[in-house]
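Chemist: with the input below, show me the fold.
(one chain, ligands or ions: 2)
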Amino acid sequence: MSKSGTNGTSVAVLTADSAFEQALRTTFGASGQIDLRVTSGSISTVDEFRVDGATVVIIDLDAGRGEEMQALERMMLRSGGGPPVVVVTQGFDAGVARSLLQMRVADFLVKPVQPLELVRTCARVARSNVTETAEAQIYTFIPAVGGAGVTTLAIQTALLLLSSGQRVRPTTCLVDLDFQHGACADYLDLEPRLDLKEIEPRPERLDRQLLEIMLSHHASGLEVIAAPNRPAEMRTFDPDMVTRLLDLVSSHFDYVVIDMPRTWFSWTDSVLLGSNRLFIVSEMTVPSLKHAKGLVGAIRERLGDGPKPQVIVNRFEQRMFDAGLKKSDLEQALGPDLAGTVPNNYRLVREAIDRGVPLEEVKPGNNISLQLKRLMLPQAAAKAPAADAQGLMKRLSLSLAK
Ligand SMILES: Nc1ncnc2c1ncn2[C@@H]1O[C@H](COP(=O)(O)OP(=O)(O)OP(=O)(O)O)[C@@H](O)[C@H]1O
Ligand SMILES: [Mg+2]
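Modeler: Ligands and ions are numbered 1, 2, ... in the order given. Have a look, this model is predicted:
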């Protein structure tokens, strides 16, 4: 998940060909707005070639040399999910083309390369990579007690984010990490397709293609990652697998919403640390609020300056003449850690779950969706667009115009 450096656009180049290097400097350096980082050397012998932060990577190599192709393959594996790579090569044949495709090189050009062609290729590659380099906004829901409504709120938030785009619909993925008692797929009437047994022995095999096989598609356009339930199996998973899964998901979607289990696993910290917004879902009882408050403290202690946990009190009812809890009690108990409340509307939620449809479809403008919008969308709306590729194209056209 890379973001560009200071001025937003950077092209990292590896080449041992000084004439090619000179041509690049003339082409890209003209405007002074593109940060061109050239490393001299060959891919099979260079000590350090850093691609982090680059918008596009250009690698000049001799595809006829086995060691250079092998070095490229290793680099591609290492930088999986990193910036797009354009290969410029001397020798070329169908076998080379095939290998480059398999390595998921974004594009390749054969020398001699026209500067304009190279610029166009870089701009196109950067543009098609926009959704992949933009970091996802990750919304994570954690339960204070069982049955508080984590799954319900995670699903509805995901659907809300999915429909929050102004012109284009943001891609959204709901990830059910409650491997023991996950209910996301059931609530949405989907077949869970995440096969943990297949990934676990070799998490590094998990790539975009495998991920696509393991997504369940909801009619709304929401993508869901959920594993079939194993209620009788109390086991934990390799933290690397969970981290890799989330890294991959967050490099392919605009929004990721996570349904967390109650148990604290070895991978929990890293999931929470990687989240942009963290919600603890509580029910409206004194014990649950106590748990929620305790969790806020525990998470804050563990994550330090990381994302700030906030409590949502679900199934809220304002009872004017009752001795039960009131909004002011919640405010007093939780102070600034209270994100807000979500109203109790059992009939609505039950019908949505039974039919596997969004609340909005059961009753447009219902009180739960309205309140969730208030809680979730202000920050979402402020999400910066993925500016990298647009910036690159603007700057490239500037430098070409000169
Ligand atoms: N705002 C609400 N109003 C009315 N009913 C709700 C609301 N939110 C959730 N429910 C109901 O509460 C029950 C528990 O909800 P849900 O499954 O979302 O909770 P959970 O925290 O994921 O539970 P678990 O601990 O089993 O994972 C469900 O029957 C759901 O219909
Ligand atoms: Mg649940």
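
Chemist: do a quick rundown of the strands in the stretch 301-402 of the chain.
Modeler: Secondary structure of the stretch 301-402 of the chain, counting by DSSP state E, counting those that start in this stretch: strands at 309-316, 338-343.

Chemist: out of these, which one sits most buried?
Modeler: Compared across these, strand 309-316 shows the largest average neighbour count, a mean of 23 (mean count of other CB atoms under 10 Å). Every residue, glycine included, has its C-beta placed from N, CA and C.

Chemist: number of residues surrounding the residue of the stretch 251-400 of the chain at minimum distance from ligand 2?
Modeler: Nearest residue of the stretch 251-400 of the chain to ligand 2: residue 259, at 6.0 Å (CB to the ion). Residue 259 has 26 neighbouring residues, counting by other CB atoms under 10 Å.

Chemist: now do the same contact list for the residue nearest to residue 136 when sequence neighbours are not counted.
Modeler: Excluding the flanking residues, the one nearest residue 136 by CB to CB, 6 or more residues apart in numbering is residue 250, at 3.8 Å. Residue 250 makes contacts with 1, 135-136, 138, 256, 274, as judged by CB atoms under 8 Å, 6 or more residues apart in numbering.

Chemist: so of these, which ones are in strands?
Modeler: 138, 256 (DSSP state E).

Chemist: by neighbours, which of the contacts of residue 250 wins?
Modeler: residue 256 (28 neighbours).

Chemist: is that one in contact with residue 177, as I believe?
Modeler: No: Residue 256 is not in contact with residue 177 according to CB atoms under 8 Å; the separation is 11.0 Å.

Chemist: secondary structure element for the most centrally placed residue in the chain?
Modeler: The centroid of the chain falls nearest to residue 250 when counting by CA atoms, centre = their mean (1.4 Å). Using DSSP states H and E, residue 250 sits in helix 239-252.

Chemist: so for that helix, mean pLDDT?
Modeler: Across helix 239-252, pLDDT averages out at 87.

Chemist: quick one: buried residues of it?
Modeler: The neighbour-count check on helix 239-252 (16 or more other CB atoms under 10 Å) flags 239, 241-242, 244-252 as buried.

Chemist: only alpha carbons, please: show that helix as CSV.
Modeler: Extracted in CSV, the C-alpha atoms of helix 239-252 (Å, rounded to 0.1, in the frame of the first residue of the first chain):
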residue,chain,number,x,y,z
PRO,A,239,-1.5,-14.2,12.3
ASP,A,240,0.4,-13.9,9.0
MET,A,241,-2.5,-15.4,7.2
VAL,A,242,-5.0,-12.9,8.6
THR,A,243,-2.6,-10.0,8.0
ARG,A,244,-2.0,-11.1,4.5
LEU,A,245,-5.7,-11.5,3.8
LEU,A,246,-6.4,-8.0,5.1
ASP,A,247,-3.4,-6.4,3.2
LEU,A,248,-4.7,-7.9,0.0
VAL,A,249,-8.3,-6.9,0.6
SER,A,250,-7.3,-3.4,1.5
SER,A,251,-5.2,-2.9,-1.6
HIS,A,252,-8.1,-3.9,-3.8
